[in-house]
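S.K.: one predicted model, sequence on top.
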Amino acid sequence: MSVFDTRPKFAVHVAQTDETFPCAGNESLLNGMVKLGRKGIPVGCVNGGCGVCKVRILDGEIKPLGPISRAHVTPEEACQGYTLACRVAPITPVHLEVAGKLNKPFSKGRAGSATASPSSQQQ
């Protein structure tokens, strides 16, 4: 089906996973990722109600596909590039990072603490 999808697409890069996927200019960043079976942006309700897919646009331009709840993105945050990935579409290639507490699963610091435990047990 995607072989025949001739819509113009833009590269979307997720900083934490270092993954890039194509997204059409008339679909949400989140939908573009989900339909390709990719991971990186957390998925919740997919319609702007939960705020799980909150991201910060580091580079590139987006357009709104619908209203964004101020309960999840304040006007101040919006000025800093925060938005909900389910409510915006790319206009240019986009580089983004996952926002908030959901950042933690991508932390590289956990491997070091797991390695430290066995050596302390050997004493």
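M.R.: Arrived safely.
S.K.: tell me which helix or strand comes right after the helix or strand residue 11 falls within.
M.R.: Applying DSSP states H and E as the criterion places residue 11 in strand 9-14. Beyond strand 9-14 in the direction of the C-terminus, DSSP H and E gives the next helix or strand as strand 19-24.
S.K.: so what strands line up beside that following strand?
M.R.: Using DSSP bridges, strand 19-24 pairs in its sheet with strand 9-14 (antiparallel).
S.K.: buried stuff in the partner strand?
M.R.: 9, 10, 12, 13, 14 (16 or more other CB atoms under 10 Å). The way it works is simple: take the backbone N, C-alpha and C, and place the C-beta from them, glycine included.
S.K.: what does the strand holding residue 11 rub up against?
M.R.: Here strand 9-14 makes contact (CB atoms under 8 Å, 6 or more residues apart in numbering) with 19-25, 29, 32-33, 40-41, 60, 90-98.
S.K.: Produce a ChimeraX select command limited to the buried residues of those.
M.R.: Applied in ChimeraX, the following selects the buried portion of the contacts of strand 9-14 according to 16+ other CB under 10 Å:
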select :21,22,23,24,29,32,33,40,41,60,90,93,94,96,97,98
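S.K.: next up, the contacts around residue 78.
M.R.: Neighbour list for residue 78: residue 68 [criterion: CB under 8 Å, 6+ apart].
S.K.: tell me the confidence at it?
M.R.: pLDDT recorded at residue 78 is 95.
S.K.: please apply the same query to residue 5.
M.R.: 75.
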